[in-house]
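1. Give me the fold of what follows.
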Amino acid sequence: MLKNDLPGLNYSFRNPQRLQLALTHRSHGPINNERLEFLGDAIVGMVVAEILFNLHPDLPEGALTRLRAGVVRGETLADIAIGLDLSSYVRIGNAEKKSGTSRRRSILADTLEAVFAAVYLDGGYQEAVKVITELTRETIANLPDPEELKDPKTRLQEWLQARGREVPEYKIVSETGADHAKEFVVKCRLVDDPVSFSASGSSRRKAQQAAAVLMLDRLLNI
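-> Residues are numbered from 1 along each chain as shown. Modelled structure (predicted):
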């Protein structure tokens, strides 16, 4: 069991119980890291926002928001957690151990947020800033252009509007499957052009985004 530090975190806890709590999944019992996860989500968002604000003084709010989302999203935090081998330290219930719960990416991301909150409570905001800055440094350095982080529907709409054209229409073609395993097929159609593309997804939004990708690819490669 860890005592007062987590390998790779570069922080030594004054109160080791905070670290243990941060690493305790709700399946382990009623005393768990859910409240710390809530706090950590806000802290990492604030720290990353401040880093990006200072790093890109000329970017508008929308671009900064997209960059921040690229850093604090679950997939990115899960990658960082894997780099820390966090799955080896998460405390989970016996039933979940058999199912590999500790290795689920969403749980690793949530646990990392809880660890950030534990550092904040134990050492203060500046210590949390140091830890988060170091762990997100590579991700922030490799962020793509903010325009590339826009979702396909937004990019398609802006491309059309910039050329004085109307926004596309999206229509559900079909909806199949049980409630827990739905599949939607959505058609994306241009108002001023007979071309259309259909795509599927596990939600209306995902199907719309997939169809928008096909439409945008066609427009950009005419």
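2. Out of the helices and strands in the protein, which is least certain?
-> Between all helices and strands in the chain, the lowest mean by mean pLDDT, DSSP states H and E belongs to helix 94-99, at a mean of 60.
3. Quick check: what element follows it along the chain?
-> Following helix 94-99 in sequence order, the next helix or strand is helix 105-123 (DSSP states H and E).
4. where exactly do the strands run in the chain?
-> 169-176, 183-189, 196-201 (DSSP state E).
5. Within its sheet, name the partner strands of the first one and how each one runs.
-> Strand 169-176 has the following strand partners under DSSP bridges: strand 183-189 (antiparallel).
6. what residues go with each domain of this protein?
-> Per automatic domain parsing, the structural domains of the chain span 16-146, 152-220.
7. can I get the ones you listed in a markdown table with distance to N4 and mean neighbour count?
-> Any C-beta I mention is one placed from the backbone N, CA and C, and that applies to glycine too. Listed next are the domains of the chain as a markdown table, based on distance: least, CB to CB, whole Å; neighbours: other CB atoms under 10 Å:
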| stretch | distance to N4 | mean neighbour count |
| --- | --- | --- |
| domain 16-146 | 4 | 17 |
| domain 152-220 | 43 | 15 |
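8. Can you redo those as TSV, where the extra columns are distance to G8?
-> Listed next are those as TSV, based on distance: least, CB to CB, whole Å:
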stretch	distance to G8
domain 16-146	5
domain 152-220	34
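9. which residues of this protein fall in helices?
-> Secondary structure of the chain (DSSP state H): helices located at 16-22, 34-55, 61-72, 74-83, 94-99, 105-123, 125-141, 152-162, 204-220.
10. Please tabulate these in JSON lines, including the columns distance to D5.
-> Formatted as JSON lines, the helices of the chain follow (distance: least, CB to CB, whole Å):
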{"stretch": "helix 16-22", "distance to D5": "8"}
{"stretch": "helix 34-55", "distance to D5": "17"}
{"stretch": "helix 61-72", "distance to D5": "24"}
{"stretch": "helix 74-83", "distance to D5": "16"}
{"stretch": "helix 94-99", "distance to D5": "24"}
{"stretch": "helix 105-123", "distance to D5": "11"}
{"stretch": "helix 125-141", "distance to D5": "11"}
{"stretch": "helix 152-162", "distance to D5": "42"}
{"stretch": "helix 204-220", "distance to D5": "40"}
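11. Which one of those lies nearest to N10?
-> helix 125-141 (6.4 Å; CB to CB).
12. What helices and strands are in contact with the closest one?
-> helix 34-55, helix 61-72, helix 74-83, helix 105-123 (3 or more CB pairs under 8 Å, 6 or more residues apart in numbering; DSSP states H and E).
13. Give me the contact list for the longest one.
-> Going back to what we said before, that points to helix 34-55. Defining contact as CB atoms under 8 Å, 6 or more residues apart in numbering, one finds that helix 34-55 is touched by 21-22, 26, 59, 64, 67-68, 71-72, 77, 110-118, 120-121, 128-129, 132-133, 136, 140.
14. mind redoing it with 6 Å?
-> 22, 26, 64, 67-68, 71-72, 110, 113-114, 116-118, 120, 128-129, 132 (CB atoms under 6 Å, 6 or more residues apart in numbering).
15. before we move on, the earlier item: distance to Q17 for the strands of the chain - can I get that in CSV?
-> CSV is the format used below for these (distance: least, CB to CB, whole Å):
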stretch, distance to Q17
strand 169-176, 49
strand 183-189, 46
strand 196-201, 44
